[in-house]
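**Q** attaching a predicted model along with its sequence, questions to come.
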Amino acid sequence: MFKLKPLHKEAIPAALEKAKHYRLLNEPGAAESICLDILEVEPDNQEALINIVLAMSDRFGRDYAVGDSRITEYLNRITGEYERSYYAGITFERRAKAVLDKSGVGAYELFRQAMDCFEKAEAMRPAGHDDAILRWNGCARVIIRNNLEPREMGHDFLE
């Protein structure tokens with residue numbers, strides 16, 4: 001088996017830029033790999049944690065198996081409560097869009113979870129920082145345009 005080579009601490013700023021660049025090039029796997037290398041050296045690097053969450057959620061619609069528990073692990077390591085709520089919302093929103101593209105089953109509930117996270121982030125946002133509002137409105141528009149409704153849950157028990 002291979003032993004991974006460690007990243008040098010002074011190379012982290014350039015590596016973070018490369019991770020962002022690979023995400024923009026639509027290569028989330030490469031961005032995720034770079035973030036993993038950064039997190040081996042600096043486990044609490046907030047920028048790397050945010051970027052790995054984004055890179056992993058970039059892959060939802062691509063038929064990659066991206067486990068929610070892995071993303072949740074990185075989300076929980078983000079120290080800022082606003083950032084943690086905001087990026088959790090993005091994760092739910094992206095999962096909802098991937099579900100909507102496939103079957104649509106459960107998309108409404110995922111969008112609502114995203115909207116709940118964005119509302120939580122909105123309540124603690126810095127002044128003049130309305131990104132959570134913009135994301136909430138985007139989710140609401142997708143629900144409206146697609147006529148999404150909550151699933152009716154059947155009663156699977158006998159009385």
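**A** In hand now; what should we look at?

**Q** grab the nearest non-local neighbour of the residue nearest in space to the middle of the chain.
**A** The centroid of the chain falls nearest to T91 when counting by Cα atoms, centre = their mean (2.9 Å). Ranked by Cβ to Cβ, 6 or more residues apart in numbering and with sequence neighbours excluded, the top spatial neighbour of T91 is S57, at 4.9 Å. Bear in mind the C-beta positions are built from the backbone N, C-alpha and C, glycine included.

**Q** which helices and strands sit right next to the strand or helix carrying that neighbour?
**A** Element membership for S57 (DSSP states H and E) is helix 46-58. Using 3 or more Cβ pairs under 8 Å, 6 or more residues apart in numbering; DSSP states H and E, the elements in contact with helix 46-58 are helix 12-24, helix 28-41, helix 68-76, helix 81-102.

**Q** using TSV, lay out those together with distance to N147 and mean pLDDT.
**A** Below are the helices and strands packed on helix 46-58 laid out as TSV (distance: least, Cβ to Cβ, whole Å; pLDDT from 0 to 100):
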stretch	distance to N147	mean pLDDT
helix 12-24	32	97
helix 28-41	30	97
helix 68-76	27	92
helix 81-102	12	96
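
**Q** can I get those in JSON lines with distance to I133?
**A** Formatted as JSON lines, the helices and strands packed on helix 46-58 follow (distance: least, Cβ to Cβ, whole Å):
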{"stretch": "helix 12-24", "distance to I133": "23"}
{"stretch": "helix 28-41", "distance to I133": "26"}
{"stretch": "helix 68-76", "distance to I133": "21"}
{"stretch": "helix 81-102", "distance to I133": "11"}
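
**Q** compare those and give me the one nearest A132.
**A** With Cβ to Cβ as the criterion, A132 lies closest to helix 81-102 of these, at 5.7 Å.

**Q** pull the helix or strand just after the closest one out as CSV, backbone CA atoms only.
**A** Toward the C-terminus, helix 81-102 is succeeded by helix 107-123 as the next helix or strand (DSSP H and E). C-alpha atoms of helix 107-123 as CSV (Å, rounded to 0.1, in the frame of the first residue of the first chain):
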residue,chain,number,x,y,z
ALA,A,107,-36.7,16.9,-2.2
TYR,A,108,-39.2,19.1,-0.5
GLU,A,109,-38.1,17.9,3.0
LEU,A,110,-34.4,18.5,2.1
PHE,A,111,-35.1,22.0,0.8
ARG,A,112,-37.0,22.7,4.1
GLN,A,113,-34.0,21.5,6.1
ALA,A,114,-31.8,23.8,4.1
MET,A,115,-34.1,26.7,4.7
ASP,A,116,-34.2,26.0,8.4
CYS,A,117,-30.4,26.1,8.5
PHE,A,118,-30.4,29.3,6.4
GLU,A,119,-32.9,30.9,8.9
LYS,A,120,-30.7,29.9,11.8
ALA,A,121,-27.6,31.5,10.0
GLU,A,122,-29.6,34.6,9.1
ALA,A,123,-30.4,35.2,12.8
